[in-house]
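Engineer: sharing a model prediction with you, sequence too.
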Amino acid sequence: MFTLPEEVKDFMDNLNKKGYQIYVVGGAVRDLLLKNETSNWDFTTNATPDEVLKLYPNGFYNNQFGTVGIEIEINGNKNIFEVTTYRKEENYTNLRHPSKIEWAKTLEEDLARRDFTINAIAYDGEKITDPYSGQKHLKDKLITAVGDPDKRFNEDALRLIRAIRLASQLGFQIEEKTREAIKKDAHLIKHISGERIRDELFKILRSDNAAEGILFLKNTGLLKYILPELDEAFLVGQKSPKRHHIYDVGTHSIMSLKNSPSKDAITRLAILLHDIGKVKAYRKDQTGLITFYNHEVIGAKQVEQIADRLRLSNKQKEKLVTLIRHHQFSVTEMQTDKAVRRFIRDVGKENVQDMLDLRVADRSGSGATPTSWRLELFKKRIEEVQKEPFKVTDLKINGNDVMKILNLKPGPKIGETLNQIFNEVIEGKLKNEREELLKKILDLRF
Ligand code: ATP
Ligand code: MG
């Protein structure tokens, strides 16, 4: 049928020799059938976690899901083999995890508890077991629940967003009954933790069909629970005299995401959320002119809450907030070098490219050309000012500080003092931070 990497074969042979059944399942089989590369190997076996650990003592056991992870190198790349014991799932109490995991006896039972038909295909190295027509659905590009979709979503509401994530990654449609059940059961997503939603949301954002995925969240009613701030933005029109906007704020957000030059999940999330502050900032005057003053400040505040809800790391949160807070940056050719440098400092060197990508996405998402001569000039100037060497005038203190603290009149002593401090900063003895430099001047008094 298809050949498995040697490492995978050896691994399966090893378990077979000990008398266990073992199959490749899930994403790996999907990828094999679609001829996509895979680095995520999921297995199902009748060996219990303890029995797997006895054979692979370096494995780590995730108690919650009954999965043993084993690190195995394939062609120099680290792969995690995720080995799960045949399971049935019953006794769901909180829509999140089965209240207890029960081992199943057969492969068929295990496949029956899996979420979608394309994920319920098993391969033993020779033959395929496919009780739910998963291969047909792969051909038809359809995400279809195993069994009664409504019942399956009630068992585990994470499946609601997994369906959309898989559709976005694979470019598939969602089968009609499954889709209708997602709409009916969308509210159940409230029971799912922020981090699990985040993991699926990020996979949607990184996928080739990110915009379609988010639109699907909107149209099924899931967005209202996951990102209510964005959901509301679809009600905010921005067509007005003297304005170029053609879309409502929500549609503009999705169109911007569709045009993202970056594949980074946080940058894409920032692109998606950059205008959510417009919902609260919306004003319309007597002439019909619509304005959104300070929407970037309002949006940055809202996005802090979103970041907390989705359990982003501090670093991710900071980047998201920064990109939204500064997305209205000006690219006029009238700016001084100092202003360009301030932009770099405000946004952070490491975020400059993402900030520019957001602007390109924002422009395209409004129906404009991706760039303009001003934006191109601005990019050049960013490069240029960064090439310029660090100068005395870049210090976070100036002559006035020196005169004040040392009680000096204007004269050569001022410049000498600044030069002395400048040299110490270059040599790395001092940090270019105002507090530290002011203290240093104070020390020079004695
Ligand atoms: P990928 O690894 O590419 O993210 P995957 O389909 O392998 O996709 P995993 O999270 O690795 O996803 O899960 C492996 C398999 O376990 C799935 O293919 C599916 O059969 C099953 N599975 C995962 N999550 C669920 C769930 N919430 N409900 C039922 N089955 C699930
Ligand atoms: Mg997987």
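Structural biologist: Received the coordinates, thanks. Ligands and ions are numbered 1, 2, ... in the order given.
Engineer: show me what contacts Asp308?
Structural biologist: Lys317 (CB atoms under 8 Å, 6 or more residues apart in numbering). In this view, the C-beta of every residue, glycine as well, is placed from N, C-alpha and C.
Engineer: pLDDT at the closest residue to ligand 2 within the stretch 201-350 of the chain, what is it?
Structural biologist: Closest to ligand 2 within the stretch 201-350 of the chain is Lys203: 11.0 Å, counting by CB to the ion. Note for Lys203: predicted pLDDT of 98.
Engineer: I'd say Ala104 and Glu89 touch.
Structural biologist: No: in this structure Ala104 lies outside contact range of Glu89 using CB atoms under 8 Å: 9.2 Å.
Engineer: next, show the common contact partners of these two.
Structural biologist: Arg113.
Engineer: for the chain, what lies in contact range of ligand 2?
Structural biologist: 26-27, 40, 42 (CB under 5 Å from the ion).
Engineer: what about the nearest residue to Thr267 once chain neighbours are set aside, how many residues nearby?
Structural biologist: Of all residues not flanking Thr267 in the chain, Asp354 sits nearest, at 4.3 Å (CB to CB, 6 or more residues apart in numbering). Using other CB atoms under 10 Å, Asp354 has 23 neighbouring residues.
Engineer: and what of Ser364?
Structural biologist: For Ser364, using other CB under 10 Å, the count is 18.
Engineer: pretty sure it sits against Leu375.
Structural biologist: No: using CB under 8 Å as the test, Ser364 is too far from Leu375 to be in contact (11.8 Å).
Engineer: hang on, the residue of the stretch 201-350 of the chain closest to ligand 2 in a strand?
Structural biologist: No: the assignment for Lys203 is helix, going by DSSP: H, G, I helix; E, B strand; the rest coil, so no strand is present there.
Engineer: and the pLDDT for Val385?
Structural biologist: Taking Val385 on its own, its pLDDT is 85.
Engineer: wait, I meant Glu232
Structural biologist: 97.
Engineer: ok, Pro389 next?
Structural biologist: pLDDT at Pro389 comes out at 68.
Engineer: equivalent analysis for Lys284, please.
Structural biologist: So, for Lys284, pLDDT stands at 88.
Engineer: next: Pro412.
Structural biologist: Reported pLDDT for Pro412: 92.
Engineer: about what we covered before: now the residues of the chain next to ligand 2 in JSON lines, please, with extra columns for neighbour count and secondary structure.
Structural biologist: Formatted as JSON lines, these follow (neighbours: other CB atoms under 10 Å; DSSP: H, G, I helix; E, B strand; the rest coil):
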{"residue": "Gly26", "neighbour count": "23", "secondary structure": "coil"}
{"residue": "Gly27", "neighbour count": "19", "secondary structure": "helix"}
{"residue": "Asn40", "neighbour count": "12", "secondary structure": "strand"}
{"residue": "Asp42", "neighbour count": "20", "secondary structure": "strand"}
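Engineer: and those, which two are furthest apart?
Structural biologist: Maximum pairwise distance among these (CB to CB): 8.1 Å, between Gly26 and Asn40.
Engineer: spell out which residues of the stretch 151-300 of the chain are next to ligand 1.
Structural biologist: Listed as neighbours of ligand 1 in the stretch 151-300 of the chain under the rule CB under 6 Å from any ligand atom: 156, 158-159, 162.
Engineer: which ones among those residues map onto helices?
Structural biologist: Counting by DSSP state H, those place 158-159, 162 in helices.
Engineer: looking at neighbours, which among those residues is most surrounded?
Structural biologist: Arg159 (26 neighbours).
Engineer: now do the contacts for it.
Structural biologist: 115-116, 145, 152-153.
Engineer: tell me the pLDDT at it?
Structural biologist: 98.
Engineer: number of residues surrounding the residue in the stretch 251-400 of the chain that ligand 1 sits nearest to?
Structural biologist: Per CB to the nearest ligand atom, Ala265 is where the stretch 251-400 of the chain lies closest to ligand 1, at 14.1 Å. For Ala265, the neighbour count with other CB under 10 Å is 19.
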